[in-house]
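K.L.:
Pasted the sequence and its predicted model underneath.
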Amino acid sequence: MGQMVFFNVAWMNYYKGVTPNDRPTHGGAFIPKYGYGFEVYNFLPHEGKMYGFVEAGCKPKLCRINITKLNASKKDSSVSDILVIWVARHPKEPSTLVVGWYKNATVYTDRQKSPANSTRRLPNGGNAPYFAIADKENCCLVPTDKRQCVIPRGEGGLGQKNIWYATGSLGQKTKAKVLDYINNHKCNTAPR
């Protein structure tokens, strides 16, 4: 497996769309205003693939992920063989927890449009964009009662940005802990 990156998203139970029993929380100002975020479909398979979104921290009209930090060149528009770790803040506790992962994912510099026939339909009628794609069998959504792997926040850990490359000594320790968690977790790729 290649590089690892942490993507911080809103908390949901299933990430298969907004339902009366599964609404996103702790996802920034956009979610309370509109009632959804683009990550609400991160674990809804489409034609054997999972398409994942993270808010990349946009400058005016430009949302990008710095994939050079994942060993891509400046000319590359994507990088493959990435372990994407999805994390979210627990709705009732201050902890940020691993909610799932995509193994062997491709991560893009720029937002990608969902396939035209996608079921990733947003309330505004559009399709949710994505930054990461992986084969469904390489993806795992951790059931809410099994989400126990805590990700550090603050100095050396996940900061205010939603993308963390986990560099430095704390980052290396966190990566080792997460790999151990993944290797010891039996996953149902399509819970619910």
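P.N.:
Sure thing, it's come through.

K.L.:
now the protein, which segments are flagged as low pLDDT?
P.N.:
Low-confidence segments of the chain, defined by pLDDT under 70: 1, 59-61, 119-125, 188-192.

K.L.:
Quick one: the strands in it, in order.
P.N.:
Counting by DSSP state E, the segments of the chain that form strands are 4-9, 49-52, 78-89, 96-112, 130-135, 139-141, 150-151, 163-164.

K.L.:
of all these, which lies closest to Lys186?
P.N.:
Closest to Lys186 of the strands of the chain is strand 139-141 (CB to CB; 9.2 Å). (Each C-beta comes from the backbone N, C-alpha and C, glycine too.)

K.L.:
returning to that earlier point: in a markdown table, list the strands of the chain along with distance to Phe43 and mean neighbour count.
P.N.:
Below are the strands of the chain laid out as a markdown table (distance: least, CB to CB, whole Å; neighbours: other CB atoms under 10 Å):
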| stretch | distance to Phe43 | mean neighbour count |
| --- | --- | --- |
| strand 4-9 | 11 | 24 |
| strand 49-52 | 6 | 24 |
| strand 78-89 | 8 | 22 |
| strand 96-112 | 6 | 21 |
| strand 130-135 | 11 | 22 |
| strand 139-141 | 4 | 24 |
| strand 150-151 | 18 | 18 |
| strand 163-164 | 19 | 20 |
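
K.L.:
How about Lys74: what's its closest non-neighbour residue?
P.N.:
Using CB to CB, 6 or more residues apart in numbering and skipping residues adjacent in sequence, the residue nearest Lys74 is Thr68, 5.9 Å away.
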